[in-house]
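S.K.: Below: sequence and its predicted model.
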Amino acid sequence: MLSISDFVAFISILTCLGLSTTLVVRGIQGKHHHRKKRNQRLVDSILKPFSRTLTDREKDPSRPREAPVPIPSYKRFNWKTFLRATGVRLSRREVGLFYQLRQKVWNINEDEYVKCFKQDKLEGGGNLGFSGAAFFFTPNGKRFIVKSLPNEFEWKFFYDDLLVSYFSYMSENRDSLLCRITDALFNLDLRFWNWIRLGTASNFLVMQNNLPDFNEDKGCKSYDLKPQDYLRADLMVPMSSEQEETMLFHKKGIKLSRQNYDNLITVLTRDCKFLSDKKVVDYSLLLGIYPIECVDKLEQPQNFFSGVISSDGKFVYRISIIDYFFSHKTAPTIIANVADVIPGDQEFTFTDKPSSYRQKFLDMVKEYIDVTD
């Protein structure tokens, strides 16, 4: 027979368990709500610069190609932004150069482009890679990607060393497969949380997504390919399942006609020469493979950025070169940071000069292609 004291103790235990469960659930919900609110503040910061209409002077195609306005070596300071953990004041840099690329080189409709950033939302893509870069997609079929540049060496290299050359090169080589950067968003405020490396990202690039409407459920595949032996570790880190799939990606799996093969290698050789001259290494080949029935129409004439049909007529290949913000001259510092992130006692050694990486990259691409005459 259960005594009254035992019954009271039993009820007390149930009450405590219920209270504990409630607190845990509310804690999880609160954490999720806080993360959602923080992400929305970041999205609002990204979208705000697009509310300003470009001036006629900025749009004037007759303006000479100008060097970018230097980013100040100092940061602006005020207490409000210094202590703010989320949300940043972003500004579009070199809007004239990017406007000319969008309009005169890539034929991107300006009204549709701006409309993509006036819907008060972006789709989160998560954090990827050792750099911890954050990705967002515009909601209209993911036509544009907003990628953060969390590391100072990335955005300073892009802005100080690459931007003007990139503008000239892309203007003169419209068939280039370098990913198409359509805008650059930078923050010039000194922020405490970024100073101690705990704040949200402060600099972003907007890029045209050449894998729009990607759907794995319909058989679409994507591969991030780069030479496997340019970065050597005395003890290799076990590969993830995704890396294993890339390594096992069937050799001669890209079926191209001789004409398309020659065109691809010609363009990639020229693009890699440009990157090599700028001392860039570690870039990747982004390969998208779509079943032919998943693609409604292709740009004519066909090109590898927007899609080329395989020689057997079964697939559409979309290709671009991505992640070209790793300068050879900053490699030792970056490798040291990577070694700090990877567990264990591995000693990483950077082995390739830009010219060597370029050759390995091109050789890798050729290995994956089956040429049919």
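M.R.: Okay, I see it. Residues are numbered from 1 along each chain as shown.

S.K.: Mind jotting down where the helices sit in the stretch 251-373 of the chain?
M.R.: In the stretch 251-373 of the chain, the helices defined using DSSP state H, counting those that start in this stretch lie at 258-277, 331-341, 354-367.

S.K.: helices and strands of the protein: which one has the lowest mean pLDDT?
M.R.: Lowest by mean pLDDT, DSSP states H and E among the helices and strands of the chain is strand 231-233, with a mean of 43.

S.K.: How is the protein divided into domains?
M.R.: The chain resolves into domains spanning 31-208, 216-372 when parsed by automatic domain parsing.

S.K.: Which residues are in contact with residue 181?
M.R.: 98, 101, 166, 205-207 (CB atoms under 8 Å, 6 or more residues apart in numbering). Glycine gets a C-beta too; all of them are placed from N, C-alpha and C.

S.K.: Spell out which two among the residues you listed are the most distant pair, please.
M.R.: Longest distance between any two of the contacts of residue 181 is 14.0 Å, between 166 and 206; criterion CB to CB.

S.K.: And those two? Which one has more around it.
M.R.: The residue with more neighbours, out of residue 166 and residue 206, is residue 206; 23 against 19, by other CB atoms under 10 Å.

S.K.: quick one: the more buried one from residue 105, how far?
M.R.: 15 Å (CB to CB, to the nearest Å).

S.K.: go on, residue 362?
M.R.: 24 Å.

S.K.: now residue 179
M.R.: Counting by CB to CB, the gap from residue 179 to residue 105 is 13 Å.

S.K.: out of the two, which sits in the busier spot?
M.R.: residue 179 (22 against 16).

S.K.: who touches the more buried one in this structure?
M.R.: Residue 179 is in contact with 207-208, 210, 286, 320-322, 324, counting by CB under 8 Å, 6+ apart.

S.K.: Quick check: mean pLDDT of stretch 276-294?
M.R.: Averaging pLDDT along stretch 276-294 gives 93.

S.K.: ugh, wrong one, I meant stretch 253-271
M.R.: In the prediction, stretch 253-271 has an average pLDDT of 96.

S.K.: hang on, residue 224 packs against residue 284?
M.R.: Yes. Using CB atoms under 8 Å, residue 224 is in contact with residue 284, at 5.1 Å.

S.K.: one step back: turn the contacts of residue 181 into a markdown table, including secondary structure and distance to residue 277.
M.R.: Output for the contacts of residue 181, formatted as a markdown table (DSSP: H, G, I helix; E, B strand; the rest coil; distance: CB to CB, whole Å):
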| residue | secondary structure | distance to residue 277 |
| --- | --- | --- |
| 98 | helix | 22 |
| 101 | helix | 20 |
| 166 | helix | 12 |
| 205 | strand | 21 |
| 206 | strand | 25 |
| 207 | strand | 22 |
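
S.K.: okay, now residue 55: neighbour count?
M.R.: Residue 55 has 10 nearby residues by other CB under 10 Å.

S.K.: measure it to residue 95 for me?
M.R.: Distance of residue 55 to residue 95, given as CB to CB: 9 Å.

S.K.: give me the element residue 183 is part of.
M.R.: Assigned by DSSP states H and E, residue 183 belongs to strand 181-186.
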